[in-house]
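In: everything below, folded, please.
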Amino acid sequence: MNGGGEFKASIDASANGSSFIKTFTSLEKKLEETLTTDKWKDLQAKKKVAKAQCGVRWLKEIDGPDMWLIESTTIMKLGYIPRHDEAIKNGYIYTLEDAVEKWAGDGENGPLDEINFLSHNWCMGPKHSLIDDENFSKAKAIARWHRWRNGAYKRSRGKDTPVLWWIDWSCIDQTNSAPGAAMLPAYIKLCGMCLCFVHDKEGRYFTRGWCRIERCLFTAMNSPRNWFYYLYPPEKFNPWQKVDDPRDGQLTKPTDMEFIVKLTDIALRYWKQNRANNFDGTNDYMSSPWKEAITSELLFGKTPIMSWEMAQHMGSA
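Out: Below is the predicted model:
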């Protein structure tokens, strides 16, 4: 979402705000079902193809906008991350349902083995890719991630196996962003990795309300871990990052706070249940001693979140 707050189609308290509430209300009801019933148990499945297939059915019942995805190979060919309307017009993105139909046959080593979520604040670079800087640093980071994933894992299609990404600029309608913003918990639930892009030396990313809620939701909806990409790497990386309260984050539109509060409430409720179930037992690192470090409730500024720095695995930028 618009971590930087420069979103041109920003949520407001009028019609756009109403569309947020409508979608959010439906989503909230379905999220409760994932906590209290076995109806959507495959959302917790270790087998990623089964999770994606279940996600298609789940999203249809929520009655919100589709979850759109873009392939790493598409961004690599373009050299930039395209805006949603351009991506739709040219067939650069497709829905999760289409992804399942296209890639389920590739099995657990195919593109469905991990859907990636890009958390970032906008750099306001070139007009056709405002989320990036003038050097297209985010597009380049996605290309590096593609090469690393294809090298570090046995991929079904060799070095050209696409990595699937959810990126706000490409995957949310920029003329009516509210429904997509309301669906963030669902989209994040269906992702397996969150890459936090810190593009400036001051670490402005960590101050933004929307960036904080993205990290908060991922740690609660999935597992307490994040990947980080620093355009200007710190001298010493902290492998135990903490999440700050989104409700204290900076917003360009003060009216966005109503939505930040609602999304934060979901994250706090979901964390407590997910933690009680050892985050569904799907992550090997939830064994001692790391398990003892994860608090029973998500405590802002205190709960340690296991973190990795992208450059440590793929070399310097």
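
In: which residues of the stretch 101-250 of the chain fall in strands?
Out: With DSSP state E, counting those that start in this stretch applied, the stretch 101-250 of the chain shows strands at 115-120, 164-166, 193-198, 225-230, 240-242, listed in chain order.

In: so which of those strands is the most surrounded?
Out: For the strands of the stretch 101-250 of the chain, the stretch with the most neighbours on average is strand 115-120, a mean of 25; neighbours defined as mean count of other C-beta atoms under 10 Å. Just so you know, the C-beta spots here come from the backbone N, C-alpha and C atoms, and that holds for glycine as well.

In: who does that strand pair up with?
Out: Each strand that strand 115-120 pairs with, and the sense of that pairing, follows from DSSP bridges: strand 164-166 (parallel), strand 193-198 (parallel).

In: a markdown table for those, including distance to Ile131?
Out: Listed next are the strands paired with strand 115-120 as a markdown table, based on distance: least, C-beta to C-beta, whole Å:
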| stretch | distance to Ile131 |
| --- | --- |
| strand 164-166 | 12 |
| strand 193-198 | 9 |
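
In: could you export the ones you listed as JSON lines, including mean pLDDT?
Out: As requested, the strands paired with strand 115-120 are arranged in JSON lines below (pLDDT from 0 to 100):
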{"stretch": "strand 164-166", "mean pLDDT": "98"}
{"stretch": "strand 193-198", "mean pLDDT": "94"}
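
In: out of those strands, which gets nearest to Ala181?
Out: Put simply, out of the strands paired with strand 115-120 the one that sits nearest Ala181 is strand 164-166, at 13.0 Å, with distance taken as C-beta to C-beta.

In: contacts only, for the closest residue to Ile167 other than its chain neighbours.
Out: In this structure, Ile167 finds its nearest non-sequential neighbour in Leu118, 4.6 Å apart by C-beta to C-beta, 6 or more residues apart in numbering. Taking C-beta atoms under 8 Å, 6 or more residues apart in numbering as the contact definition, Leu118 lies against 138, 142, 165-168, 195, 197.

In: beta partners of Leu118?
Out: Going by DSSP bridges, Leu118 is paired in beta bridges with Leu195.

In: distance of it relative to Cys196?
Out: In this structure, Leu118 lies at 9 Å from Cys196, with C-beta to C-beta, to the nearest Å as the measure.

In: my read is that Ile142 contacts Ser72, right?
Out: Yes: counting by C-beta atoms under 8 Å, Ser72 is a contact partner of Ile142 at 5.4 Å.

In: common neighbours of the two, please.
Out: 163, 165.

In: what about this structure, any weak spots by pLDDT?
Out: With pLDDT under 70 as the threshold, the chain has low-confidence stretches at 1-15, 280-291, 312-317.

In: quick check: phi and psi at Asp133.
Out: Backbone dihedrals for Asp133, given as degrees, to the nearest 10, come out at phi -100, psi -180.

In: for it, give me its contacts.
Out: Residues near Asp133 by C-beta under 8 Å, 6+ apart: 123, 125, 199.

In: same thing with Trp145?
Out: Contacts were defined as C-beta under 8 Å, 6+ apart; by that measure Trp145 touches 72, 116, 163, 195, 310, 314.

In: show me what contacts Trp222?
Out: One correction, residue 222 is Asn, not Trp. In this structure, Asn222 makes contact with 188-189, 191-192, 194, 279, judged by C-beta under 8 Å, 6+ apart.
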